[in-house]
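[1] return atomic coordinates for the entry below.
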Amino acid sequence: MKGRPMADKERLLKIFQNMVLIRRFEEAVFEFHEQKLFSGHYHLYIGQEATGAAVMASLDAKDRIFSTHRNHGHLIARGVDPSLAMAEILNRVDGTNGGRGGTFHLASAKAGMPHTSALVGGAVPLAVGAAFASKIKKSGGIGISMFGDGCFEEGVVFESINLALLWKLPVVFVCENNTPGAILKSEGGNNTSNLPEGRVIQIPMALGVECHEVDGGDAQAVDALFKVCVNRVRDTGLPIFIEALTERWPGNYYSFPKLVTGITSVSMAWDASSISGEYESWFRRHDPVLRFARQLILEGNATFGDIAGVDQEATSRIETACKFALSSPEPCIESVHEHVLAEAI
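    As a prediction, this is how the structure comes out:
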């Protein structure tokens, strides 16, 4: 959450720290699922850390963010304690929602993320509703919707964007487009968008909404654009749409995530000789964590030691989070009726 203004270097390092923390968190989530410590479908945010971490860097405590089924990274970047987030995924009582939400509905009202929706497109109308409430209450907050390109097969998304402009609501729509395109789909791959070109920006543009596109794998580019957009939305009260184009992580080509690229070694950012094999192109060109690490080093904002130190700290935090989650008890059966109905005011 926003506090005192940060110098550029400090800000960039904070974004990078959150990106690495997300990566280590998601790798741990994968291992827990492999160990059958939680069941059911789930998604990972690996490969999209740059967008989520950069977006959260410009938001205030009064803003309200709504995420989708690929939500873990958004909450971690927002500042939710990884220990509480991991406990929630394992359905333990110390989780952000007492273990009742699990991975698909991981949320934290205290952090300004009151709900995440596994329903495709579900986050979009919720963010518009939050923007409407902010406008009525004159709180100065804005609504943020984080969603994927597959959401444009849902009519409520089109209707919500149109309504946001019609009613002049302060909301930013961030579409993280990771669709591989028609070629992969024709080969039997898991393509998320059914639009002809795999792009979505034409739809809000047709409605007259201010639109921007950005390389979603470039943390600095996302941060620079989002800062401008957030300030404009606060000043004008009008919605803005951003399409963040990302390269899908190879582990997300399947119905369930597979850690095909292994545990990330940040040393690949400066030791190119260690990169080889089937996913060499991913490590060299697309992995947002490695891309940003190289950029920080090249521009003099970090050293090899700084990058290694960030990774060491993140790894330690996630190890602690995992131990905490495993030690947290499961909810007792007697509590099944709690939180079903709102308390009378």
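
[2] what's the spacing between the closest residue to residue 129 other than its chain neighbours and residue 121?
    Closest residue in space to residue 129, ignoring its immediate chain neighbours: residue 143 at 7.5 Å, by C-beta to C-beta, 6 or more residues apart in numbering. Where you see a C-beta, it was placed from the backbone N, CA and C, and this is true even at glycine. Going from residue 143 to residue 121 by C-beta to C-beta, to the nearest Å gives 15 Å.

[3] out of these two, which sits in the busier spot?
    The neighbour comparison of residue 143 against residue 121 (other C-beta atoms under 10 Å) goes to residue 143, with 28 against 21.

[4] now that one: how far from residue 320?
    33 Å.

[5] likewise residue 81?
    10 Å.

[6] which one's more surrounded, the two?
    Neighbours were counted for residue 81 and for residue 320 using other C-beta under 10 Å; residue 81 has more, 17 against 13.

[7] counting neighbours, what do you get for the closest residue to that one other than its chain neighbours?
    Distances taken as C-beta to C-beta, 6+ apart place residue 321 nearest to residue 81, at 7.7 Å, with adjacent residues excluded. Around residue 321 there are 22 other residues, counting by other C-beta under 10 Å.

[8] ok, now how distant is residue 321 from residue 125?
    32 Å.

[9] kindly report the same for residue 328.
    As for residue 328, its distance to residue 125 is 33 Å (criterion: C-beta to C-beta).

[10] what does residue 138 give?
    22 Å.

[11] which of those two has more neighbours?
    residue 125 (20 against 7).

[12] tell me who's in contact with residue 75.
    Residue 75 makes contacts with 67, 85, 96, 106, 107, 108, 111, 113, 116, as judged by C-beta atoms under 8 Å, 6 or more residues apart in numbering.

[13] make that residue 116, sorry
    By C-beta under 8 Å, 6+ apart, the neighbours of residue 116 are 66-69, 71, 74-75, 101, 104-107, 123.

[14] as CSV, those with secondary structure would be great.
    Shown next, in CSV, are the contacts of residue 116 (DSSP: H, G, I helix; E, B strand; the rest coil):
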residue, secondary structure
66, strand
67, strand
68, coil
69, coil
71, coil
74, helix
75, helix
101, coil
104, coil
105, coil
106, coil
107, coil
123, helix
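
[15] filter those down to the buried ones, ChimeraX style.
    In ChimeraX, a selection of the buried entries from the contacts of residue 116 looks like this (16 or more other C-beta atoms under 10 Å):
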select :66,67,68,69,71,74,75,101,104,105,106,107,123
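
[16] pLDDT averaged over stretch 39-52 - what is it?
    Stretch 39-52 shows a mean pLDDT of 96.

[17] next helix or strand past the helix or strand bottoming out on mean pLDDT in the chain?
    Least confident helix or strand of the chain, by mean pLDDT, DSSP states H and E, is helix 182-186 with a mean of 45. Next in sequence after helix 182-186, counting helices and strands by DSSP states H and E, comes helix 202-207.

[18] for that next one, buried residues please.
    For helix 202-207, a neighbour-count test (16+ other C-beta under 10 Å) marks 203, 204, 207 as buried.

[19] which outside residues touch it?
    With C-beta under 8 Å, 6+ apart as the criterion, helix 202-207 contacts 152, 158, 161, 162, 165, 173, 211, 241.

[20] what of stretch 288-304?
    8-9, 12-13, 15-16, 19-20, 23, 47-50, 216-220, 246, 264, 266, 268-270, 283, 285, 306-307, 310.

[21] what about the helix or strand hosting residue 326, distance to the chain center?
    Assigned by DSSP H and E, residue 326 belongs to helix 304-327. Helix 304-327 has its C-alpha centroid displaced from the chain centroid by 19 Å (C-alpha atoms, centre = their mean, to the nearest Å).
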